[in-house]
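[1] For reference, the sequence and a predicted model appear below.
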Amino acid sequence: MSSTRDIDNLIEMMAKLPGLGPRSARRAVLHLIRKRALLLTPLSDLMQTVAATARECLNCGNIGTEDICDICTSEKRANGELCVVEDVADLWAMERSGVFKGRYHVLGGTLSALDAIGPQELRIPRLIDRVATEAVSEVILALNATIDGQTTAHYIADQLDGQVTLTSLAQGVPIGGELDYLDDGTITAAMRARKSL
């Protein structure tokens, strides 16, 4: 058994990834081993590179390889629209749809009294600061349609009331739905039909 310890450890580690259980992890590891030169070695090299270079954008919270991400540095994206999302997966889902051309703000979660997550544990103070210091004309609250997501949206709306136009995603996002699991067409329809809060 000791001769396969490293492989077993790899399977255990892969099984911790979202969407992979022990069986799927075994199949993935077996496939990687069989395609060692084509997949496993390049994947290993890329993972080491990403582990060394990945960081959160100091401005918006996106993940990239620089202190300030490409979206924040792009002059084309400085159109006054700021889309607030719960986490980076939601930002990437919005980008995948291609419908939003402004900048983002990643909160890093949602308010939750049960988990003792208040505004200070999230990037809400940084959001309020960005609205005050950047040329933001509209804040689009693209938070998940969950109880915590909607509570967070209402809190942010109260904090920014009267400072900026506030909108939220509309049709297409089901109650209890999460952006990362929606298809591009649904995200596009929801973004185009956003409404004032």
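    It's in.

[2] From the opening residue of stretch 177-184 to its closing one, how far?
    For stretch 177-184, the first-to-last residue distance is 14 Å (Cα to Cα, to the nearest Å).

[3] Could I get the buried residue list for that stretch?
    By 16 or more other Cβ atoms under 10 Å, the buried positions in stretch 177-184 come out as 177-180, 182. Bear in mind the C-beta positions are built from the backbone N, C-alpha and C, glycine included.

[4] cool, and stretch 101-118?
    In stretch 101-118, the ones that count as buried by 16+ other Cβ under 10 Å are 102-108, 110-111, 117.

[5] Same check on stretch 38-54?
    The neighbour-count check on stretch 38-54 (16+ other Cβ under 10 Å) flags Leu40 as buried.

[6] who's in contact with that stretch?
    For stretch 38-54, contacts defined as Cβ atoms under 8 Å, 6 or more residues apart in numbering pick out 31-33, 63-65.

[7] Just the buried subset of these, please.
    32, 63-64.

[8] And for the residue nearest the centre of the chain, nearest residue in space, chain neighbours not counted?
    The chain has Val88 as the residue nearest its centroid, 1.7 Å off, counting by Cα atoms, centre = their mean. In space, and not counting its chain neighbours, Val88 is closest to Ile63: 5.2 Å by Cβ to Cβ, 6 or more residues apart in numbering.

[9] Next: Asp148.
    Thr110 (3.9 Å).

[10] can you check Ala15 too?
    Ala25 (3.9 Å).

[11] Wait, that neighbour touches Met14, no?
    Yes - using Cβ atoms under 8 Å, Ala25 is in contact with Met14, at 3.8 Å.

[12] tell me which helix or strand of the chain sits lowest on mean pLDDT?
    Least confident helix or strand, the chain: strand 195-196 with a mean of 75, by mean pLDDT, DSSP states H and E.
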